Structures are given as C-alpha cells and as structure tokens.
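Novice: model the following, please.
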Amino acid sequence: MFRVTRQIDFCYGHRLLNYDGKCKYLHGHNGRAIIAIEAEKLDDRGMVLDFSDIKRVVSRWIDDNLDHRMLLHRDDPAVPVLRQMGEPLFLTDTNPTAENIAKLIFDFAVSQGFPVVETHLWETPNCFATYAPSK
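Specialist: Prediction:
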C-alpha cells in the first residue's frame, strides 16, 4: 500500500455548545489539516496522487470555506449577531469540535474523488483529532 499526505494550515475561530470549559467562548486556532491518501498501486506517473492536485482542490476549499471564518453550529445563538456584523461564518449541523472538523474535511476530499483514508485536525501544536471511517 502506498500513502501520500498533504498538510494544509489555516486559521479559524469557533466555540463549543454544551461545553463547560474555556472552549464555550468564541476563540481561535491556527489549525493544521493533514489529509492521508492511499492506493494499492501507483498511477502511470508513479504517484498515488499529485500533491498539487490535493492542494488545488482541498486547500482551495479550506481557504474558501474555513480559513479566517467562525465555524459554528447553525443553532448557536451568536450566529444572528455575527451575521448582522458581516462576520464570515461556516455553519455546521454538529458541534464544531476538532473531531467534527476533521470529518468535515475528510467528507469534502472524498466527495472530490480522492481515496482518503484519514484526516487529522491539529487545533494546537499538542492536540489533534483524527477521523477515519470504520472498516
């Protein structure tokens, strides 16, 4: 099995609902997404997938949708106020935890036809979450 991995750095803000700690307040992270892609054999170029293809598709989506945005649950009471202020938002159906953001990136990459096996979302230099589908 062959594997390639692409790292994409971006900044985002969020807060967690139903949480009793510091993360219940609006705050930001310098996030790092790691996308791992596997294939049993290489293409005619000798590649699993060209790194630039991952960058062109996934990095562009992250830049357009997640970078420098507040990632919030769509029922978050801060949404109407932030919308009124013109703040850039990305609304989710789940609490915007590191785990759910990792899955969000995974789901997008898979929807683009990439054979992704797992994604990681680093929230801090010491903490990350991983999403990989059950086998």
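
Novice: identify the residues contacting residue 76.
Specialist: For residue 76, the contacting residues are 15, 17, by Cβ atoms under 8 Å, 6 or more residues apart in numbering. C-betas here are computed from N, CA, C, even on glycine.

Novice: the bottom helix or strand of the protein by mean pLDDT?
Specialist: helix 51-54 (a mean of 94; mean pLDDT, DSSP states H and E).

Novice: report the buried residues of the longest helix along the chain.
Specialist: In the chain, assigned by DSSP state H, the helix with the most residues is helix 98-111. Within helix 98-111, the residues that count as buried by 16 or more other Cβ atoms under 10 Å are 98, 100-106, 108-109.

Novice: redo those as a markdown table? Include pLDDT and distance to residue 47.
Specialist: Below are the buried residues of helix 98-111 laid out as a markdown table (pLDDT from 0 to 100; distance: Cβ to Cβ, whole Å):
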| residue | pLDDT | distance to residue 47 |
| --- | --- | --- |
| 98 | 97 | 30 |
| 100 | 98 | 31 |
| 101 | 98 | 27 |
| 102 | 98 | 24 |
| 103 | 98 | 26 |
| 104 | 98 | 26 |
| 105 | 98 | 21 |
| 106 | 98 | 21 |
| 108 | 98 | 21 |
| 109 | 97 | 16 |
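
Novice: which of those residues lies closest to residue 85?
Specialist: residue 101 (22.8 Å; Cβ to Cβ).

Novice: that closest one touches residue 120, doesn't it?
Specialist: No: counting by Cβ atoms under 8 Å, residue 101 sits too far from residue 120 to count as a contact (10.3 Å).

Novice: overlap in contacts of these two?
Specialist: residue 129.

Novice: where do the strands of this structure begin and end?
Specialist: 2-14, 27-39, 69-73, 89-92, 116-124, 127-131 (DSSP state E).

Novice: contacting residues for residue 105?
Specialist: Neighbours of residue 105 in contact, by Cβ under 8 Å, 6+ apart: 33, 35, 58, 62, 119, 121, 131.
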